[in-house]
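S.K.: Sequence and predicted structure below; questions after.
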Amino acid sequence: MAQEGILQVEERIWYSIKTRCRSEKRVAARLSSVGSVEVYLPLCNHGRLPLIPQYLFFRCNPIKVGICSKIDGTIAGSVKAVNNQEIELVRKMEAQAEKDHPVRRGVIFQAVRRKGESIKPGINLLPGCHLYLRLESVPEIEICLKCSPISTDEMDE
């Protein structure tokens with residue numbers, strides 16, 4: 001029987017990790033080669049481009065995090081725990097990105113997010129049919145998609 005407050009050996013947690021520029025697929029392959037590590041690299045444009053530049057997710061036992069964080073191509077000190085619900089939100093955005101076109105960061109992205117606007121964590125519907133995802137556990141990860149008209153009911157599915 002496991003004691004309360006102590007992680008069981010089998011428990012696996014999701015983490016985000018930052019990679020060097022354009023190294024996401026190489027890092028994903030290297031992480032996959034570490035035993036008992038599940039890797040999730042959200043893609044868009046029919047699997048050609050990372051949805052979140054310089055980031056990917058992996059799930060493993062906390063004991064293996066040290067090994068994973070030292071994989072060639074990663075940024076030291078960038079590993080952060082991510083909860084399961086946030087991974088599901090990223091999966092929803094990835095599915096939407098396959099239907100529509102992602103909006104790149106920069107001028108268009110800044111225009112969508114109004115100056116001084118506080119956007120809550122989760123998926124938000126912004127003016128002009130833009131879906132905006134902000135993760136609470138990793139605030140650096142922001143995804144903005146220009147999509148076909150979508151209702152708030154569709155966001156909750």
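M.R.: Yep, that arrived.
S.K.: Need the residue closest to the centroid of the chain.
M.R.: Central residue of the chain (C-alpha atoms, centre = their mean): Val90, 5.4 Å from the mean position.
S.K.: Could you list the low-pLDDT ranges of the protein?
M.R.: Of all residues in the chain, those with pLDDT under 70 make up the ranges 1-10, 102-116, 150-157.
S.K.: which helix in it runs the most residues?
M.R.: When the chain is parsed with DSSP state H, its longest helix is helix 84-99.
S.K.: if you go through the chain in chain order, where are the strands?
M.R.: 13-18, 38-40, 43-44, 49-50, 55-60, 80-82, 101-102, 122-126, 130-134, 142-146 (DSSP state E).
S.K.: burial measure for Arg26, as a count.
M.R.: Around Arg26 there are 14 other residues, counting by other C-beta atoms under 10 Å. No exception for glycine: its C-beta is placed from N, CA and C like everyone else's.
S.K.: ok, now which ones touch it?
M.R.: Gly73 (C-beta atoms under 8 Å, 6 or more residues apart in numbering).
S.K.: Could you measure from it over to Pro53?
M.R.: Arg26 sits 14 Å away from Pro53, going by C-beta to C-beta, to the nearest Å.
S.K.: before we move on, the earlier item: what are the buried residues along the longest helix of the chain?
M.R.: 86-87, 89-90, 92-94, 96-97 (16 or more other C-beta atoms under 10 Å).
S.K.: thinking again about what came up before, do you know which of the strands of the chain lies nearest Asp72?
M.R.: Closest to Asp72 of the strands of the chain, according to C-beta to C-beta: strand 13-18, at 12.2 Å.
S.K.: Now for Lys120, how many residues are close by?
M.R.: For Lys120, the count of nearby residues is 9 (other C-beta under 10 Å).
S.K.: and what of Ser23?
M.R.: Using other C-beta under 10 Å: Ser23 sits among 19 other residues.
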